[in-house]
Structures are given as structure tokens and as C-alpha cells.
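Asks: Model the structure of this input:
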Amino acid sequence: MNIELDINYILQNLSPQLNEGVFVFCTVDNTLNLEEIDIEASVIESEGRTIVLRKEIADQLNLSYNVIMSWITLNVNTSLELVGLSAIISKKFTDNDISYNPIAGYFHDHIFVPIKDTNMAIKLLHNLSQKWE
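Replies: Numbers count the residues shown, from 1 in each chain. Just a heads-up that it's a prediction; the model follows:
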């Protein structure tokens with residue numbers, strides 16, 4: 001079996017890493033005032049374009065946002081076809097009253113959590129990984 005599809009292997013090797021910085025989700029009509037390098041992630045929706053960027057850049061551009069977040073990367077390689085990881089993390093975070101916003105990259109999963117929940121989220125991810133060893 002491809003280890004990138006083996007949920008047990010993935011959970012044993014989550015290796016959560018807190019990325020430096022403070023991040024926000026904003027919505028914009030266009031990105032003309034932004035450098036591509038400043039946009040950490042982007043999703044086009046019918047209501048507009050959602051972008052993730054560092055808080056200080058959003059503040060410089062007077063963009064509005066609701067929640068100040070930390071960004072955690074799961075350093076285990078995951079397949080876009082992996083089944084169950086988001087559900088397991090969601091259950092663990094729900095049980096501890098932590099909201100989160102996942103984004104899947106080609107190689108890794110990324111989790112954004114409110115700043116106030118950062119330490120608990122990292123702890124829960126480490127505990128989850130140890131549970132599966």
C-alpha cells in the first residue's frame with residue numbers, strides 16, 4: 001500500500017510544525033495591490049476571492065478579517081486521496097472546542113487555528129500521533 005494513503009502511517013507521523021507568523025483570511029475582489037509572494041493560499045468562490053496572508057500585510061492594505069490564526073503544517077506527506085484524516089482531526093478538535101480551517105496542499109495538509117488555541121492544537125496533534133504508534 002502507498003504509505004501516503006495509509007491512515008495509520010499518516011497518524012503516526014503527523015509531525016505538526018508551527019509556521020512563524022500570524023495569519024488571516026480575507027476576501028478581495030482582485031489582487032492588484034498584492035504581490036503574489038504575499039498570498040499564502042487562495043480560493044475563488046462565487047462571492048469573491050478568499051486569500052490567506054500574514055496579518056501585517058492585511059493591516060497595511062486595510063483588509064478586513066475576523067479571526068487571527070496560527071498556521072500548522074503536518075509534515076508527513078499525504079495523498080489528496082487520503083480518507084479520514086480531516087475527520088479524525090476534526091473530532092479531536094471538536095472535543096476540545098477548537099475551530100480549525102484545513103487546507104490541503106499537494107504534499108502536506110495545513111491547519112489554521114485561532115491564535116488562542118495554538119498550543120492546545122499542537123498538543124492534541126502530538127497526542128494523536130503518539131496514540132497511533
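Asks: alpha carbons only for contacts and neighbour counts from here, please
Replies: Will do.
Asks: Tell me the pLDDT of the residue nearest in space to the middle of the chain.
Replies: Centroid-nearest residue in the chain: residue 111, 2.0 Å away (criterion: C-alpha atoms, centre = their mean). If you check residue 111, the pLDDT there is 97.
Asks: go on, residue 6?
Replies: 89.
Asks: Counting neighbours, what do you get for it?
Replies: Using other C-alpha atoms under 10 Å, residue 6 is surrounded by 14 other residues.
Asks: longest helix of the protein?
Replies: As assigned by DSSP state H, the longest helix anywhere in the chain is helix 118-131.
Asks: tell me which residues in that helix are buried?
Replies: 118, 121-122, 124-126, 128-129 (16 or more other C-alpha atoms under 10 Å).
Asks: same check, this time on stretch 86-93
Replies: Using 16+ other C-alpha under 10 Å as the test for burial, stretch 86-93 gives 89-90, 92-93.
Asks: In PDB, list the C-alpha atoms belonging to that stretch.
Replies: Written as PDB, here are the backbone C-alpha positions of stretch 86-93 (Å, rounded to 0.1, in the frame of the first residue of the first chain):
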ATOM      1  CA  SER A  86      -9.600  15.600   8.400                       C
ATOM      2  CA  ALA A  87     -12.400  13.700  10.100                       C
ATOM      3  CA  ILE A  88     -10.100  12.400  12.900                       C
ATOM      4  CA  ILE A  89      -8.500  15.800  13.500                       C
ATOM      5  CA  SER A  90     -11.900  17.500  13.400                       C
ATOM      6  CA  LYS A  91     -13.300  15.100  16.000                       C
ATOM      7  CA  LYS A  92     -10.200  15.700  18.300                       C
ATOM      8  CA  PHE A  93     -10.500  19.500  17.900                       C
END
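Asks: Perfect, I'm done here.
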